[in-house]
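> Test case, fold it:
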Amino acid sequence: MKDSEKFEGLRRRSVEENEARYGREIRRRFGDEAMDGANEKSRSLSEKQWEDREALQQCVNDALRRALMTGDPGSPEAMELARLHRKWLCSYWKDDTYTKEAHRALAAMYVQDERFFAYYEGVIPGGAAFLQQAIERYCAE
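The predicted structure is shown next:
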């Protein structure tokens, strides 16, 4: 199997798993267009773009760990975290669909939905609530 075929399989599985895991909730809260746009964007990424998005996710997690250590969701580190999170979201969302309201709503899901909560708590205990608070502050500016 060629590397390009392996990547195509990885990309397809990732979209299918994301749809299975989060699709129903995202479609209910944000509509079919939001989820379909995210799926299409993921399917259209090159292997380099995919790797860049994966690296950006790691940067968000690293920034969350650093920012939480300040204890202040309004700190410069927390604002950088929220900025990176926005950049990461935009790598999934259909172009030009980012709004502060949508960012806030997604951040609220991080503390309300056990799947999201578990992910960010796995990054660092207290991470889900801190990220949500940092995004709230970021979007208020």
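
> which other helices and strands contact the helix or strand hosting residue 138?
Using DSSP states H and E, residue 138 maps to helix 127-140. Using 3 or more Cβ pairs under 8 Å, 6 or more residues apart in numbering; DSSP states H and E, the elements in contact with helix 127-140 are helix 47-70, helix 76-90, helix 100-112, helix 114-123. No exception for glycine: its C-beta is placed from N, CA and C like everyone else's.

> mind listing what the nearest residue to residue 63 once chain neighbours are set aside touches?
Among residues not flanking residue 63 along the chain, residue 81 sits closest, at 4.2 Å (Cβ to Cβ, 6 or more residues apart in numbering). For residue 81, the contacting residues are 60, 63, 64, 66, 67, 131, 134, by Cβ atoms under 8 Å, 6 or more residues apart in numbering.

> what's the answer for residue 61, then?
Contact partners of residue 61, counting by Cβ under 8 Å, 6+ apart, are residue 123.

> and it, how far is that from residue 122?
9 Å (Cβ to Cβ, to the nearest Å).

> next one: residue 37
Taking Cβ to Cβ as the measure, residue 37 falls 27 Å from residue 122.
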